[in-house]
Every structure is written in structure tokens, then in C-alpha cells.
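Novice: predicted model and sequence below, questions to follow.
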Amino acid sequence: MAVESKELKLDVAVIGAGFSGMYMLHQLRDKLKLNARVFEAGDGVGGTWYWNRYPGARCDSESYYYSYSFSSELEQEWEWTSRYPDQPEILEYLNHVAERFNLKPDIQFNTWIESIHFEDQENRWKLTTSQGQQILAQFVVTAVGCLSTRNTPDFPGLKSFAGDWYHTGVWPHDGVDFSGKRVGLIGTGSTGIQATPVIAAEAEHLTVFQRTANFTVPARNAPLEPETVVDIKANYAEIRALCRESAGGFPFLLNERLASDVSDEERKEIYDALWEIGGFRFIADSFCDLVTDLKANDTAANFIRAKIREIVQDPDVAEKLIPTSHPYATKRPPIDTDYFETFNRSNVELVDVRESPIEEITPAGVRTAEAEYALDILVFATGFDAMTGPLLAMDIKGTAGKTLAAAWETGPRSYLGLQVAGFPNLFTITGPGSPSVLTNMPVAIEQHVEWITDCIAHMRQQGLSRIEAQEDAQEEWVEHVSAAADETLYPLANSWYVGANVPGKSRVFMPYVGGMDVYRQRCHDIVKEGYKGFAFER
Ligand code: N01
């Protein structure tokens, strides 16, 4: 799309062309017939799946429900090939969606939104792009994702490194050739755990620098059999209904038994069976109190610890890989393919950087307090400045010139994760304070996109030009989000959910843990009560 030099006027500016921005555009343009445009920093659609092309990148939700539900034709024509789709397949799917719904003509690629300032008198936003283009829009919808601002630790000496280094969140489109190379990988979250076995299989030597040992269960990925595909397609209506009704946005409801409801032997049998099935079923189909009761949690944690000891041949390495700092699943639980097995390879070494911290990056590699590791390639699988990072990366100024950074000085505050008081006509898809990252993302995204669409349609019908979250409603919601988290074990972990991975970030539990089902109902009720907690102006 050619970029106009003059000021562009829109009904809605959408930022980001991933799952959420694409569907938002479809709704605004094709359902509401509004003048909407998406601004996207990359040169293609896909968001997370456009940027995260690291080896082993694969979704940990299963393909048949990690997809859009808004079009049954799309559902029927698209064919997933494996239980968990890999990054290229998801990107292909999103490109297919973009083509099928003719979205690309209204997406402006290679465009970074630098500032978003509210013009109070006009009830509109003025946006400025990295090319200096100016846009006026009545509404702005951020569709920037929760995990799109990279966290690259500021190790001294990185610039001096003589080899190549990469962050998994911005992986080269042509891939990286690890053959014959000594590779270092920092970080053992979901990304590091996926990348480790794949890099190890290709590199001459892999050194994994681990700060926090992590729990992970096998994914058990496999091709989807043709009859499974037929079965899924025949039952999509029911699958989607379950996704909408469940707490996690998955097509299965949480098992309602407590860990203490069964004997030790029965519990072990249950965990053993779920270990074989793989994936998030380990949590959903075991016991409902794993993230609310420490004793229940210990049963799952100890089961996984025993598995690590069983799989990893070197007992010293096994002990280092055993998580002890946090309860199971209170950091986002990864699922893996041969992660622990990889540490049995002779070309893989584990370095515990909590025991022996990284002191600097040298021209030759990484130097910890104990030793220097010679490397040709260094991979940062060090995660993201989650949830608030992508929003604060833009200069957002609301009423009276107040910046979002100032409004969120002590952590994010929002009403429903959809709007922030003082920032009228700005909607944040899967913003902090909404279930977002604790769910199957497309379900959370579709619910937000549809809520925003209905809200804008309502405003148009009623001749309203401005909507703003009210301070008191926001305070109440923020307290509710925090109280919901306090009823769980989540706050016990130093996770990105609480911002603990980014030095200096306020410690606030950001997503809403009360469940997608409860949240959906709350959003629905608020509309029924005349958009309670929001104020409108003509
Ligand atoms: O990032 P992370 P991620 N020195 O923050 C370590 C989603 N996702 O990219 O735990 C040394 O989880 C850090 O250590 P610690 C998913 O929601 C989904 O892996 O903070 N180490 C940690 O080990 C996921 O949760 C999928 O002590 C440092 C690692 O880097 C989210 O994205 C796949 C360090 C970062 O782990 C983020 O996952 C991948 C330092 N200074 C990701 N700083 C699927 O769907 C950080 N670390 C499958």
C-alpha cells in the first residue's frame, strides 16, 4: 500500500496485523462498513508468528482450536497437518486468512506507530508513524499482542562478541545455520525449551545457560490422521462452543476433582496417563486445585521432578534441571519435545547461571563467575517485556496530555483490560487486566474484537462520539484482578506474569485469572447494564 503524504483520516486506526488486528479489521471494515486501516511494523501479517521463527517454534495449543472460529467456511476449508501447528504453518494460515478476506489492501506494512495523542476538543486521536505520516482517527484499537516487546538483558560486552547473536523473538527469515557451530542459548522458558533440542541436533556443541529450572511436560506432537481431521470438522460447532464456555478457552472443561480426592497410587496413575497423552491435558484433566493449593501442586511438581531424574542420566545435571523456586504452572508451563532427553547428548552442556552468574559477554563467548564458554553463535531466548511493554513502546498521551507511562507508573491499571481511564476511544485487545495469556489466545482475541465491534456499532447507532472507562470502575476492576490472583499460587513465582523478568518493572499480576467464561459473562453483563463503568459523550 502506498503511504500518503497528507494527513490521513480514519474512523479507526488498528495497530498490529496479527490474529487480533486482522480480525478487528474484518469486523470494522466488512461488518460495520467503517473506514479502518491496520498499521503493522513487519512486512507481512502474523504478529507473533511473523517474528518468532526460531528453531522449534510451535504452538502449544492444539491446531484445531488455535484458530479463528468466526467463519465456518474458513474452518472447513483449512487443513491442519499436525496436533500442534508449527510456526510456518500458522503463518501460512494467517496469510490464507488475509487473502481470503482481502485484508492486505487495508494493512499498511513496514509502519511503526511512534505516537498516539488524544485531541480532547475533537474526540479523536492523532497518530504519527515512523515515516512522519500523520493519521487522525476517532478510535484507536491496539492489537499489539502481549509478548511482542523483546527482553534482551543488558549484559556488559555484548557489542564486543565476535560471533553472531540473535533474539528468538526477531529471528532471521532465512534461518540460522548451526552446523559445525558452538552455540550458546540463554533462557529456559517455553521458547528455550522448544529451541534446545532442535539446535542441539544441528550444532557441534550447545551450551544452555539456565537461570531458573522449569517444569515441562511432553507435547506428544504427531501428524493429524485424515479421519481425525474429518471428525474435527464435523464437530466444530461443539468444539467452539466448549472453547467459549471453558475457563481457559480450550474445548475441554477442567476436571473437578481435588488432588486429595484420590489415593497416592491413583494419583500417580492419573499423572502417568496424562504424561503419555501430553500437552495441557496434564493440567486440565488432572486436578482442579493445582494452582490454588500448594499441597496439591506439590503432587504434580514432585511427579515431574521424578520424571526428570528418570530421564536425565547424569544425576548432577538432573538436579540442576529440577525446578525448586516456584510451584508448578505458576510460571507459564511449557510443553516440550525431548527437552530433558537432550541433556543426555554428549554435545550438550548445562550451565546454572544462578549458581554462577553471567558476568559479561566477551569477544569469544560468555564468561560466568566460574568459566568462559567459547561460542560462535549466541541465542537469547530471554522472553519479553510482557503485556505492558508493547503499549508503552509507543508514546501514548490521553486527556490533559497524560502519558500512559505516567498512568501506569506503579503497574497497569485498566477497566476489563479493554480501556484505560483518561484514554477515551482507545481499546486495548487482550490488554493487561483481561484473561489473555492465561487462555487459548484466539478465543480471548475474538471475544475482545467482537465486544469492541458491538461497542462501536452501539455508539454509531446512538450518535455517541466518545467512550471512556471511569476511574471508580477501573479501580474496582484492578482490585478484583489482584484479589483473583491472590487466591492462587501464581504470585509466588517470579514470572513475566508479574513483570519479574524485566529489571525495574513494577510487580503486578497482569492477566485476569478468574477465567475466560466468568470474564465473558462480566463483559456481557456490563453491556446489558448500559455499559456500566463507561461514560459516553455525544
Ligand atoms: O520467555 P520467558 P519465552 N539472565 O520469559 C531467562 C509464549 N510462548 O520466550 O525464569 C539469564 O518465559 C529467564 O529466566 P528466569 C508463552 O506464553 C509460547 O520462553 O526469569 N537468563 C527464562 O528462563 C511463554 O511463556 C510458545 O529466571 C535470563 C527465559 O530467559 C512466553 O511466550 C512458545 C535473563 C525467558 O523465558 C515467553 O516465553 C514460546 C538473564 N538476564 C513462547 N533474563 C508456544 O505456544 C531472562 N532470562 C509453544
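Specialist: Arrived safely, thanks for sending. Residues are numbered from 1 along each chain as shown.
Novice: residues of the stretch 101-250 of the chain that sit close to the ligand?
Specialist: By the rule C-beta under 6 Å from any ligand atom, the part of the stretch 101-250 of the chain lying against the ligand is Leu147, Pro153, Ile186, Gly187, Thr188, Gly189, Ser190, Thr191, Gly192, Gln194, Arg211, Thr212. Placement of C-beta: from N, CA and C, glycine included.
Novice: go with 5 Å
Specialist: Taking C-beta under 5 Å from any ligand atom, the part of the stretch 101-250 of the chain that reaches the ligand is made up of Leu147, Pro153, Gly187, Thr188, Gly189, Ser190, Thr191, Arg211, Thr212.
Novice: tell me the SS of the fourth one?
Specialist: This means Thr188. Following DSSP: H, G, I helix; E, B strand; the rest coil, the label given to Thr188 is coil.
Novice: in this structure it contacts Ala213, no?
Specialist: Yes: here Thr188 reaches Ala213: they are 7.1 Å apart, a contact under C-beta atoms under 8 Å.
Novice: which of these two has more neighbours?
Specialist: Using other C-beta atoms under 10 Å, the more surrounded residue of Thr188 and Ala213 is Thr188, with 24 against 20.
Novice: chain neighbours aside, what residue packs nearest to the residue of the stretch 351-500 of the chain found nearest the ligand?
Specialist: Across the stretch 351-500 of the chain, no residue is closer to the ligand than Gly383, which sits at 2.5 Å (C-beta to the nearest ligand atom). Excluding its sequence neighbours, the residue lying closest to Gly383 (C-beta to C-beta, 6 or more residues apart in numbering) is Asn151, at 4.9 Å.
Novice: in the stretch 1-150 of the chain, which spans are strands?
Specialist: 8-15, 36-39, 107-108, 113-119, 124-129, 134-142 (DSSP state E, counting those that start in this stretch).
Novice: so which bits of the protein are right by the ligand?
Specialist: Residues of the chain lying near the ligand (C-beta under 5 Å from any ligand atom): 59-60, 147, 153, 187-191, 211-212, 332, 382-383, 496, 501.
Novice: Ile322 versus Ile270, what's the distance?
Specialist: 21 Å (C-beta to C-beta, to the nearest Å).
Novice: okay, the two: which has more neighbours?
Specialist: A count of neighbours by other C-beta under 10 Å puts Ile270 above the other of Ile270 and Ile322, at 21 against 17.
Novice: helix or strand for the more buried one, which one?
Specialist: For Ile270, the host element (DSSP states H and E) is helix 264-277.
Novice: so for that helix, what gets flagged as buried?
Specialist: For helix 264-277, the buried set under the neighbour-count rule, 16 or more other C-beta atoms under 10 Å, comprises Arg267, Ile270, Tyr271, Leu274, Trp275.
Novice: could you dump these to TSV with pLDDT?
Specialist: Formatted as TSV, the buried residues of helix 264-277 follow (pLDDT from 0 to 100):
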residue	pLDDT
Arg267	98
Ile270	98
Tyr271	98
Leu274	98
Trp275	98
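Novice: closest one of those residues to Lys126?
Specialist: Taking C-beta to C-beta as the measure, Leu274 is the one of the buried residues of helix 264-277 closest to Lys126, at 52.5 Å.
Novice: is it true that the closest one touches Ser286?
Specialist: Yes: taking contacts as C-beta under 8 Å, Leu274 lies within contact range of Ser286: 5.8 Å.
Novice: now the helix ranked longest in the chain, how far from the centre of its chain.
Specialist: Longest helix in the chain by number of residues (criterion: DSSP state H): helix 441-462. Offset of helix 441-462 from its chain centre (C-alpha atoms, centre = their mean, to the nearest Å): 20 Å.
Novice: and what of stretch 165-184?
Specialist: The answer for stretch 165-184 is 22 Å, by C-alpha atoms, centre = their mean.
Novice: quick one: contacts of it?
Specialist: Here stretch 165-184 makes contact (C-beta atoms under 8 Å, 6 or more residues apart in numbering) with 51-55, 57, 147-148, 150, 152, 158, 164, 187, 191-192, 195, 199, 202-207, 209, 365-366, 373-382, 384.
Novice: who touches the helix holding Ile270?
Specialist: 217-218, 220, 259, 262, 281-282, 285-287, 299-300, 303, 307.
Novice: count the residues that sit near the residue nearest to Gly383.
Specialist: With other C-beta under 10 Å as criterion, Asn151 counts 20.
Novice: end to end, how far does stretch 384-394 reach?
Specialist: 16 Å (C-alpha to C-alpha, to the nearest Å).
Novice: give me the residue from the stretch 101-250 of the chain nearest the ligand.
Specialist: For the stretch 101-250 of the chain, C-beta to the nearest ligand atom, closest residue to the ligand: Gly189, 2.2 Å.
Novice: pretty sure that residue is touching Pro333, no?
Specialist: No: if you go by C-beta under 8 Å, Gly189 and Pro333 don't touch, sitting 10.3 Å apart.
Novice: on that earlier part again, tell me the most buried of the strands of the stretch 1-150 of the chain?
Specialist: Greatest average neighbour count among those goes to strand 36-39 (a mean of 24), per mean count of other C-beta atoms under 10 Å.
Novice: describe which strands that one pairs with in its sheet and in which direction.
Specialist: strand 8-15 (parallel), strand 107-108 (parallel) (DSSP bridges).
Novice: what's the last one in contact with?
Specialist: Meaning strand 107-108. Met1, Val3, Ala17, Gly21, Met22, Leu25, Arg37, Val38, Phe39, Glu40, Val45, Ala98.
Novice: who wins for most neighbours among those?
Specialist: Ala17 (30 neighbours).
Novice: what's the closest non-adjacent residue to that residue?
Specialist: Glu40 (3.8 Å).
Novice: how close does that neighbour get to Ala13?
Specialist: 12 Å.
Novice: equivalent analysis for His326, please.
Specialist: 40 Å.
Novice: quick one on the thing from earlier: in this structure the residue nearest to Ala17 contacts Phe109, no?
Specialist: Yes: Glu40 is within contact range of Phe109, at 5.2 Å (criterion: C-beta under 8 Å).
Novice: residues shared between the contacts of the two?
Specialist: Common neighbours of Glu40 and Phe109 (C-beta under 8 Å, 6+ apart) are Ala17.
Novice: how's this structure carved up into domains?
Specialist: 8-149+386-537, 158-380 (automatic domain parsing).
Novice: tell me the mean pLDDT for the longest one?
Specialist: Domain 8-149+386-537 shows a mean pLDDT of 98 in the predicted model.
Novice: now do it: distance to the chain's middle.
Specialist: 12 Å.
Novice: with the shortest one instead?
Specialist: On the basis of C-alpha atoms, centre = their mean, domain 158-380 is displaced by 16 Å from the centre of the chain it belongs to.
Novice: for the ligand, what is the nearest residue in the stretch 1-150 of the chain?
Specialist: Asp60 (3.6 Å).
Novice: got a list of what that residue touches?
Specialist: Neighbours of Asp60 in contact, by C-beta under 8 Å, 6+ apart: Tyr84, Ser190, Ala219, Gly279, Phe280, Pro334, Ile335.
Novice: isn't the first one up against Glu62?
Specialist: Yes: under the criterion of C-beta under 8 Å, Tyr84 makes contact with Glu62 at 6.1 Å.
Novice: shared neighbours, those two?
Specialist: With C-beta under 8 Å, 6+ apart, Tyr84 and Glu62 have common neighbours Gly279.
Novice: quick check: phi and psi at Val170.
Specialist: The phi and psi values for Val170, taken as degrees, to the nearest 10, are phi -140, psi 70.
Novice: with the one 5 residues further on instead?
Specialist: Backbone dihedrals for Gly175, given as degrees, to the nearest 10, come out at phi 80, psi 180.
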